[in-house]
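Chemist: kindly generate the corresponding structure for this input.
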Amino acid sequence: QLQLVESGGGLVQPGGSLRLSCAASGFTLESYSIGWFRQAPGKEREWVSCISSSGGSTSYLGSVKGRFTISRDNAKNTVYLQMNSLKPEDTAIYYCATGCIKSGVRDWGQGTQVTVSS
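Modeler: Residues are numbered from 1 along each chain as shown. Presented below is the predicted three-dimensional model:
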């Protein structure tokens with residue numbers, strides 16, 4: 001069974017950090033660009049970050065640039081999203097996906113909740 005599983009979410013105070021992980025089972029991630037997306041209550045799912053299959057190219061949503069870092073370890077079949085200086089507006093369910101354009105995503109994970117609140 002092909003599956004993406006996110007982990008690492010939680011409750012954190014403003015200014016805090018979290019590292020999200022996206023692990024694949026049933027297939028290898030190394031052939032895919034991987035995207036992180038997020039969906040806040042009452043809002044559409046939005047793209048956050050993307051990493052190329054080799055890891056050599058990354059891109060970020062403007063509001064997270066300089067605070068979030070995407071990386072991958074193909075040997076561990078895992079992609080990470082390091083989130084620093086978190087803000088309340090980062091609160092959302094975070095999803096990883098095989099693809100960086102929402103309409104072209106093949107597989108979605110189940111999501112992990114990130115809540116930034118004091």
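
Chemist: ok, Lys76 - how many residues close by?
Modeler: The number of residues packed near Lys76 is 12, by other Cβ atoms under 10 Å. Backbone N, C-alpha and C define where each C-beta goes, glycine included.

Chemist: in which helix or strand would I find the residue nearest to it when sequence neighbours are not counted?
Modeler: Using Cβ to Cβ, 6 or more residues apart in numbering and skipping residues adjacent in sequence, the residue nearest Lys76 is Ala23, 7.8 Å away. Assigned by DSSP states H and E, Ala23 belongs to strand 18-25.

Chemist: show me what counts as buried in that strand.
Modeler: Buried residues in strand 18-25, defined by neighbour count with 16 or more other Cβ atoms under 10 Å: 18, 20-24.

Chemist: which residues touch the residue nearest to Lys76?
Modeler: 4-5, 7, 76-78 (Cβ atoms under 8 Å, 6 or more residues apart in numbering).

Chemist: quick check: it vs Glu44, distance?
Modeler: 26 Å (Cβ to Cβ, to the nearest Å).

Chemist: what comes up buried for stretch 97-112?
Modeler: Under the neighbour-count criterion of 16+ other Cβ under 10 Å, stretch 97-112 has 97-100, 105, 107-109, 111-112 buried.

Chemist: whoops, I mixed them up, stretch 48-68
Modeler: Buried positions in stretch 48-68, judged by neighbour count with 16+ other Cβ under 10 Å: 48-51, 55, 60, 64, 68.

Chemist: quick check: the farthest pair among those residues?
Modeler: Across the buried residues of stretch 48-68, no pair lies farther apart than Gly55 and Val64, at 18.3 Å, counting by Cβ to Cβ.

Chemist: per-residue confidence at the residue most central in space within the chain?
Modeler: Nearest to the mean C-alpha position of the chain, counting by Cα atoms, centre = their mean, stands Trp36 at 3.1 Å. Trp36 is assigned a pLDDT of 98 by the prediction.

Chemist: assumed it was part of a strand.
Modeler: Yes: Trp36 sits within a strand when classified using DSSP: H, G, I helix; E, B strand; the rest coil.

Chemist: isn't it right up against Ser49?
Modeler: Yes: if you go by Cβ atoms under 8 Å, Trp36 and Ser49 touch, sitting 4.7 Å apart.
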